[in-house]
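In: only geometry, no sequence info:
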């Protein structure tokens, strides 16, 4: 059980490192474990791959948390703001009765 916990912590730690740092750490581990060159290369490739996967999962999770927090705070998204700006511009054109002439001037 302790090995599993340490592996999980290591995976999260590797995810936060850059690829170069992961490879460097993996090389040291393979040397310390006296792995063959082929075993070491497979281990390094696996760690780099897992590091990238874990980093992507963490980024997605954090993104979801931020989106959820913003939704709870009732803050409009950039897309919603742009849609409102378009609606306002359309209403202004309709209000002044300028129609196409006003639209062409604003471009």
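Out: All right, it came through fine. Keep in mind that what you see is a predicted model, and the values were worked out from it rather than measured.

In: for this structure, which residues score under the pLDDT cut-off?
Out: 1-19, 22, 98-107 (pLDDT under 70).

In: what about the helices in it?
Out: Listed in chain order, the helices of the chain (DSSP state H) span 2-16, 19-32, 37-73, 78-96, 100-106.

In: and the residue nearest the centre of this structure?
Out: residue 59 (3.8 Å; CA atoms, centre = their mean).

In: and that one, how close does it get to residue 28?
Out: When distance is defined by CB to CB, to the nearest Å, residue 59 is 27 Å away from residue 28. C-betas here are computed from N, CA, C, even on glycine.

In: so how far is residue 62 from residue 72?
Out: 16 Å.

In: an error on my part: the question was meant for residue 91.
Out: According to CB to CB, residue 91 stands 38 Å off from residue 62.

In: same question, residue 30
Out: 31 Å.

In: likewise residue 54?
Out: Distance from residue 54 to residue 62, by CB to CB: 12 Å.

In: and the two? Which one has more around it.
Out: Neighbour comparison, residue 54 and residue 62: the larger count goes to residue 54, with 17 against 10 (by other CB atoms under 10 Å).

In: and residue 48, how many neighbours does it have?
Out: 16.

In: scratch that, residue 21 is what I was asking about
Out: Counted with other CB under 10 Å, residue 21 comes out at 13.
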